[in-house]
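J.: I would like the atomic coordinates for the input below:
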Amino acid sequence: MDNSFLGRGWSFPPSFDSGSVGVNMLEREDDIASSLEILLSTLRGERIMLPQYGCNMDELLFESLDTRMKTLMTDNIESAILYHEPRIQLETVKLDDSQELEGIVLIEIVYRVKSTNSRFNFVYPYYKLQGTDINLTTTVNLLPDSV
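T.: A predicted model of the protein is given here:
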């Protein structure tokens, strides 16, 4: 079976093996999974030659996770995959918000590779909160004592 349609590309971020001459490459299903991760973590307009490429998940960073926001996230993901990943047929996008209080939303993408008819799932951890290990009990007094 010819799997050349599945593609071959650089690993991201690019890595080099000391024993090889060039960059490490990903092939077939590994290349598709890497492509999905890059697509979900890229902002639209970030790539100069492909200004519509990306998912713009950073726009939703500090929004409350209500039904409207979940629908918007799911629609952004589905649209990005539809337009930028022709090797797969998207089956479902599910959001697991059970760790919402910790600032984590797990995005589960179930897809089928068109050329092999194989099903896969991909889980992308979306972190709602920027910053870690912030101690909220510590307060800093920036005003002088005379005020």
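J.: which residues does residue 53 contact?
T.: The contact partners of residue 53, by Cβ atoms under 8 Å, 6 or more residues apart in numbering, come to 39, 42, 44, 46-47, 84. (C-beta placed from N, C-alpha, C; glycine too.)
J.: ok, now with 10 Å
T.: Applying Cβ atoms under 10 Å, 6 or more residues apart in numbering to residue 53 gives the contacts 38-39, 42-47, 80, 83-84.
J.: try residue 48
T.: Taking Cβ under 10 Å, 6+ apart as the definition of contact, residue 48 has no neighbours.
J.: who does the closest residue to residue 91 other than its chain neighbours bridge with?
T.: Taking Cβ to Cβ, 6 or more residues apart in numbering as the measure, residue 91 lies nearest to residue 110, with 4.5 Å between them; neighbours along the chain are not counted. Under the criterion DSSP bridges, residue 110 forms beta bridges with residue 92, residue 121.
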